[in-house]
Every structure is written in C-alpha cells, then in structure tokens.
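> Mind looking at a prediction? Sequence and model below.
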Amino acid sequence: MDRIELTILKNLLCDETYTRKVIPFIESEYFADRSERLIFEGIDSFFEQFNRLPTKETLAIDIDKNPDLNEDGFKAVLSVLSDIAVDDSYSPPAQDWMIDNTETFCQDKAVYNAVRESIQILDGSSEFNKEAIPEMLSQALGVSFDTNIGHDFLEDSDERFAFYHRKEKHLPFDIEYMNKITNGGLSPKTLNVFMGGPGSGKTLVLCHLAANYLMQGTDVLYITLEMAEERISERVDANLLNVKLDDLQNLPKSMYDKKVEAIRAKTSGKLVVKEYPTSQAGAAHFRHLLNELILKKNFSPAVVIVDYINICMSSRIKMGTTNSYGYVKAIAEELRGLGVEKKVTMISATQVNREGFGSSDMGMENTSESFGLPATCDLFIALITTPELQDLGQIMMKQLKNRYADENKHRRFVVGMDKSKMRLFDCEQAAQVNITQEAADTPAFDATKFGKAAKKDFSSIQGL
C-alpha cells in the first residue's frame, strides 16, 4: 500500500485541479524523506514558474542540478519517481478524499514539527525561547486549507455593497472627540496605542478606559507590568467611586462597600487586573491567561489593556538577538496578532524618546525604541502636556496614525483630566478653539511647526 506521501506526490503530478487547490498549503518540511522532499520542491518550483505540471523526466533533470545531491541521493530520487509514475490506466482517488487526507497529513506533520522544535527549544539548541512554544503549537493546530482565494471585484460586488452598509461593532468612548476620530469607538482585532512621557497620564488614560468600558457592561482584562495589581485597582476605584486617590485610605469600610455595591448594580461587565513582572511576560503568557480565564472563571474579555508595550517581552525573539526596533516591533505584532486571534480590542501605551520628552508637538519619530510600533498599530495618539495645559487641568491629544478615519480631521483636541480621581472628561467647545487660538495669536509661536499646525487646525474648527 502506498504511503500518503507517495499518493500526494503521485496526484500532484497527474491531477492539475488537485495540485492548484493544495500546493499553496503544503510545506516541503512535511516530507521527512529527503528524496520525497526534493521531488515536492521540484514540483512546487516548476508549477510556480511555468504554471503547469512537470513530467517525471523534467523533474529528474531539474533535481540532478542540485549541487548538494550525490550519486546515491540521485538514485534514491529516481527510485521514488519510479514509484509515483502514472500511466493511462491510473485512476486517481476521488478528489474530495484526496483533499481531505492531504489536509490531515499537513496538520499531523505541522504538529509533529512543532513538537520537535519545542524539544529543541527546551534543549537550548534553538534560536527561539520557551515562551514561543505555545504559539508554535497553536499555529500548528490551526493549519487548515483555506478555500477562500480572494475577493473578485466584479463577481463579488453584492458582498462588497453589503459590507459597506454593515454596521461594524464599536466600543464607544465617553469622550466626544475620541468617538469623532474613531467613527464611534474602537473595533475588535485592533491595536490602539497612546504615547506620552513619564507623568503625562498614560496610566490615567488606560485606567479611565478600563473604568468606562466596565460601566458600559464590557468585560475588561487589565494587564500591568509596571504597577502592582492593587495600585491599578486603586486608580480604577478613584475613578468609579468618585473619590480622590489620597482619600481612599480614609474612606470607611461601610461607605466603600456601599459605593462598590452601587457600581455592581449599574453594570453587567467585569474587570480583571493581572500583574506580571516587568519584561517577563508577552503575548504567549497573555494568550494562556485568556484561556485560563475562560476555563476557570468563564470570563472572556472584549478589551485587553496592556500597561505598557515597551516592558513586555517578545514571545518569538530572544532579547539581545536583535535591535530595539525589531524587538519592540515584534512585541507589537504579537499583541495585535493576539487581538486578531481572540477577536478582542487591544489597548496599550508607549514612551516617547528623549527628543519628544517635553515637546509640544510630538510626531511618530518620537516613539521610544522602535518606529516599528506605530507602523503596526491601528490608532496611535500622542498625549501632550504643557504647564499651561496642566494649569487648566487639560491634556492635548494628537492623532499620529488612524485607520478608523481621516487623521487630519480633528488632528489635535484637548480633554479634561482630573489626576486626583484618575478621570478624563469632555471640555467645552470653546476649549478646543482656545487651545489653537492662543497658539495662533502668539507671534513667536507662529514660526514653529506646532504653531503652523495649530493655525491650520483653528481654521478647520471655525468651519464646524
């Protein structure tokens, strides 16, 4: 009886319809026997180059050109070619059966190879670290033949029209301008990042968002790698209980319980705060946590907040094996990938670099450590604070990247900020005009990049 590998190779040589359906999903590493692997690589290469099936003779000629193949190796290849040779009397198996069994073969081999790579990681003979093992196994278990080969622009116009009129699920903010710039809120399967310097309010923004989504009835997971779980929960308490941080410790237990019960009665959402050591956890740990929360608490969050992205670890790359650009970009890609996999909204923060610290007009070039981070995320907002804004109890937000809407519309806007209660709130429309009007009226400011941009923004606001 033919082994499945030989049956696959035989049908790749004689059934063009089958070949077109399965060859994009088959990897040469799935063939353990070197001769079979060389034959598959020859078929794959020929089909990609000439868009038709090779013959046994052309395969033999191409494989014989391999400089790493000796005489004995070539004889082994010819032996396999003889075994898979077909003639006019050959009747291929039912195509559906072949496709199903080929898919099973690929899945089994992918899992086997992932387990073998995992063993090498544990032995220390792999470039990957052990935190990459869950992701490798998850990817292997997810191998499948995706029959969708793209959107036909003309034939699929009805589907496209339906998509245009389909209301996408958004998680709205309680801040007017945040909803304006995102067309109603954040979407699942996205990575949204706030950038600011130390003390600019990054954690305040994240805690406010956690509190806001909780009160909307949304399940939220807050992952902290900087502060203790209790410190984050304390900040959410200040926000929700409407009590200053400094006064929380003086709040009587009876009053505290009463306030918490009032919050519980107003929402069906849950908030879980999980602490990890700095730089000791990444997307693989977070994936495991999400799976555990489902099993142990029947808790499946719609929002995952990570505080903050630069002090996560990569689950694929060992620290020190690449520069900070590649490392932080890998972290961002893994977090966004986790959001896509789990269909959740990912929210995080990042630091500004030295040049951006204290700047009144940050740009993407001021991202700390890696420009690859803003290249990966869907929404990237700079948190700008100045002494004047602090005196007003405000913070300026500037859009640096926006996949939800036109980032040039409402590029800058101000939001009220109460640090004592860890809260954000809407400012009056006059504040939006004033912040740009003051800049526009300052002659010394006009020549700066921020001043010029502010004058432009002021003109757009006047036209509202």
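Looks like it came in fine. Numbering: from 1, shown residues only.
> what's in contact with stretch 412-422?
Stretch 412-422 is touched from outside by 175, 177-178, 181, 201, 204, 207-208, 211, 235-236, 238-239, 242-246, 389, 393-399, 423-427, 431-432, 435-436, 453-454, 457, with contacts defined as CB atoms under 8 Å, 6 or more residues apart in numbering. (C-beta placed from N, C-alpha, C; glycine too.)
> mean confidence for that stretch?
Across stretch 412-422, the average pLDDT comes to 93.
> can you check stretch 269-288 too?
For stretch 269-288, mean pLDDT is 93.
> Pull out the buried positions in it.
Neighbour counts over stretch 269-288 (16 or more other CB atoms under 10 Å) mark 269-271, 273-276, 281-287 as buried.
> Not including adjacent chain positions, what is the nearest residue to the residue most central in space within the chain?
Taking CA atoms, centre = their mean as the criterion, Arg336 is the residue nearest the geometric centre of the chain, at 0.5 Å. Using CB to CB, 6 or more residues apart in numbering and skipping residues adjacent in sequence, the residue nearest Arg336 is Leu191, 4.0 Å away.
> Please enumerate the strands of the stretch 301-450 of the chain.
For the stretch 301-450 of the chain, the strands defined by DSSP state E, counting those that start in this stretch cover 303-307, 345-351, 379-384, 394-402, 412-418, 423-425.
> Would you agree the residue nearest to Arg336 is in contact with Phe380?
No: counting by CB atoms under 8 Å, Leu191 stays clear of Phe380, with 9.2 Å between them.
> And what about the most far-flung residue of the chain relative to its centre, helix, strand or coil?
Ranked by distance from the centre of the chain (CA atoms, centre = their mean), the top residue is Ser89, with 52.0 Å. Taken by DSSP: H, G, I helix; E, B strand; the rest coil, the conformation at Ser89 corresponds to coil.
> Contacts only, for the residue nearest to the centre of the chain.
Thr190, Leu191, Met346, Thr376, Cys377, Asp378.
> for Val22, same thing?
Residues near Val22 by CB under 8 Å, 6+ apart: Ile8, Leu12, Met98, Ile99, Thr102, Glu103, Phe145.
> who wins for neighbours among the residues you listed?
Greatest neighbour count in the contacts of Val22, by other CB atoms under 10 Å, goes to Ile8: 26 neighbours.
> and it, what element?
Using DSSP states H and E, Ile8 maps to helix 4-14.
> Show me what that helix is in contact with.
Counting by CB under 8 Å, 6+ apart, 2, 18-19, 22-23, 26, 31, 33, 36, 39-40, 43, 53-56, 80, 83-84, 86, 90, 92-93, 98, 101-102, 105 sit against helix 4-14.
> try it again with 6 Å
Where contact means CB atoms under 6 Å, 6 or more residues apart in numbering, the residues beyond helix 4-14 that reach it are 18-19, 31, 36, 39, 43, 83-84, 86, 92, 98, 102, 105.
> for that helix, what is the average pLDDT?
The average pLDDT for helix 4-14 rounds to 92.
> again with stretch 142-150
The model assigns stretch 142-150 a mean pLDDT of 70.
> Pro252: neighbour count?
Pro252 has 8 nearby residues by other CB under 10 Å.
> list the contacts for it?
With CB under 6 Å, 6+ apart, Pro252 has no contacts at all.
> What separation is there between it and Arg354?
46 Å (CB to CB, to the nearest Å).
> mind listing the helices for the stretch 51-200 of the chain?
56-64, 71-83, 95-123, 133-141, 157-164, 176-181 (DSSP state H, counting those that start in this stretch).
> so how far is the second one from its chain's centroid?
I take that to be helix 71-83. Taking the mean of its C-alpha atoms, helix 71-83 sits 46 Å from the chain's own mean (CA atoms, centre = their mean, to the nearest Å).
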